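J.: Build me a structure from this.
(one chain, ligands or ions: 2)
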Amino acid sequence: MNSITLSPKNSIQGEVTHLPSSKSISNRVLVLNALAGNVGKLHNLSDANDTQLMQRMVLCNDEIINVEDAGTVMRFLTAYFAISGKTKTLTGTARMKERPIGILVDSLRLLGADIDYLEKDGYPPLRIKSFQDQKTNTLQVRGDVSSQFISALMMIAPGLPKGLTIEITGHLGSKPYIDMTASLMKGFGAKVNFDGRLIQIEKQVLSVNEHTVEGDWSAASYWFGFAALCKEANLILPNMALRSLQGDRVVVDMMENLGVACEPRGSKLHLRKKDHMPFFSWDFTHCPDLAQTIAVVCAAKGIEGSFKGLESLRIKETDRIAALQNELAKINAQLIEEGDTWRLVPSIKLPDKVSIHTYHDHRMAMAFAPLAGLMQVEIEDPAVTRKSYPKFWDDVKRLGILVNVV
Ligand SMILES: O=C(O)C1=C[C@@H](OP(=O)(O)O)[C@@H](O)[C@H](O)C1
Ligand SMILES: C=C(OP(=O)(O)O)C(=O)O
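T.: Residues are numbered from 1 along each chain as shown. Ligands and ions are numbered 1, 2, ... in the order given. The predicted model follows:
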C-alpha cells in the first residue's frame, strides 16, 4: 500500500470504533508490571505497534532488542535493562539512530551502568553490559530534550538499592508525561514525590496491580480535526473521559476555539461543530504531539496561529517542523519561525486536491487526513499509522469517507 486517496466529504457521522487506548499509559504499565514480577492484570492495552513492541521486548530473552521507531520503548528499556545485569544491544530504525539518548545514558552511567555506544556517541544503537553497585542516589537531568529520559529513570528508581532523587534542570517540556509516570507508579503501590522540579523515590517494592488503560487522547485529536474541517460533523469517541492521565486531553480546550464542541456522555465523547476564533495562540511545550493536528486545522480553516514550544518536534519521528512547513505549503499555508515563536499563516486559497508526504511519521499521515473535509487528499505510505493507531484508515472508511488504496 503506497498511497491512499480520500475523496472529499463534507459530512462525517458516527462512532469511531477502533480508537486505540493510550500507548503512553500502555507502555508504562507494561514496564511497571514487569518490574513488579509480571503478575498484574492489564486490561485494554493499546494495539499500537509501539505497545506490541514493548509487550514483546520487555520480557524477551534475546540479546538484540530492535525497538523499530518507538521512542518510549528505546528510552524505557534502556533504563530497564541497564539495571537488570543482562547484556543487551538496543537498536532501531535509521531515524531512531538520530534520536538523542545521551542524557539518559549519562545518568545511567552515573548510577553504575556500563553502556557503550555502538555507532555515534549520544545515539542508539547501545550495548548494555552490566550494573555494578549503585554509585549515587542523586541525579541532575535536563528537562528540555525529552521527558522520556526522566520517566525511564523514575520507573527503575524503586528497584535501586539506594532509591533515587532526580533534580530536573533547565526548561521542562512534556511535564504531563512525568505526572503520568508518577501517577501510574502510585497505582503500583510506589511512593513518589514530585514537586515540579524534584522527584524523590525511595527503594521500595512495586506491588501487583490491575489496570485498565483509557483511550488515547493524541489519537482522538484527529477526530477533532475531522470535526473541525468537515462542514457537518456528529462524531462519537468511545472509552474517553475528560478526566485523564494524559496531557493531550487539552485538545478539548484548543478545539473549543477551533470550531469543535465536545460533550461527555458516560464513557463516550460527542463531537459537534461550533463557531471558531479568527486567531489561535498556544504553547505546545507540554503537549507536543498535538501540534501537527492543530497546525493543519488552523491552516485549512483560515485561522491565524501563533505557536510556542515546538522545539522538541525536531527530534521526533521526523523533524516535524520541517515536515509541516513542506506539507502546509502544498495547501498555500506557511509556518514561519520567528525567534521562539512559529507564526501560522493560513491558506487563503485551498487547492482541490493535495498529496501529502508522511516522512515515516504516523502523526503526519493522521494530522493531514482531515483535509478530506475540504479537498481530495492523497496520503503517501499510509501504513505509518500502525505506530500508534493501526486501524485508523478502517475508522476513516467506516465513517463514510471514500478511501481508495493504490
Ligand atoms: O512519555 C511518553 O509517553 C511520551 C512523551 C513525549 O515525548 P517527549 O518527552 O520526548 O516530548 C511524547 O511526545 C511522546 O509521544 C510520548
Ligand atoms: C513522539 C512520539 O512517540 P515516541 O517518542 O515514543 O517515538 C509520538 O508518538 O508522537
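J.: list the buried ones in stretch 258-277?
T.: Across stretch 258-277, burial judged by 16 or more other CB atoms under 10 Å covers 258-260, 262, 268-269, 271, 273, 276. C-beta coordinates here come from the backbone N, C-alpha and C atoms, glycine included.
J.: So the residue nearest the centre of the chain: helix, strand or coil?
T.: In the chain, the C-alpha nearest the mean C-alpha coordinate belongs to residue 289, at 5.5 Å (CA atoms, centre = their mean). Counting by DSSP: H, G, I helix; E, B strand; the rest coil, the backbone at residue 289 sits in helix.
J.: Return the per-residue confidence for it.
T.: Listed pLDDT for residue 289 reads 98.
J.: which one is it nearest to, not counting chain neighbours?
T.: Excluding its sequence neighbours, the residue lying closest to residue 289 (CB to CB, 6 or more residues apart in numbering) is residue 218, at 4.5 Å.
J.: Can you name the residues of the stretch 201-350 of the chain sitting close to ligand 1?
T.: Residues of the stretch 201-350 of the chain lying close to ligand 1 (CB under 6 Å from any ligand atom) are 288-289, 312.
J.: from these, which is closest to residue 384?
T.: Ranked by distance to residue 384 (CB to CB), those are led by residue 289 at 14.5 Å.
J.: Surely the closest one touches residue 220?
T.: No - counting by CB atoms under 8 Å, residue 289 stays clear of residue 220, with 11.3 Å between them.
J.: Common neighbours of the two, please.
T.: Among the neighbours of residue 289, those also in contact with residue 220 (CB atoms under 8 Å, 6 or more residues apart in numbering) are residue 248.
J.: Tell me which stretches of this structure form helices.
T.: For the chain, applying DSSP state H gives helices covering 23-35, 49-57, 71-82, 102-111, 147-156, 175-187, 217-229, 251-258, 291-301, 320-329, 362-368, 392-398.
J.: Of the ones you listed, give the one that comes closest to ligand 2.
T.: For ligand 2, the closest of those is helix 71-82, at 2.5 Å, according to CB to the nearest ligand atom.
J.: how far is the closest one from where the chain is centred?
T.: 16 Å (CA atoms, centre = their mean, to the nearest Å).
J.: Can you give me the distance of the residue of the chain most remote from its centre to residue 216?
T.: Distance from the centre of the chain peaks at residue 133, with 34.0 Å (CA atoms, centre = their mean). Residue 133 sits 40 Å away from residue 216, going by CB to CB, to the nearest Å.
J.: Also residue 287?
T.: 13 Å.
J.: And residue 193, by the same measure?
T.: 28 Å.
J.: cool, and residue 141?
T.: Distance of residue 141 to residue 216, given as CB to CB: 27 Å.
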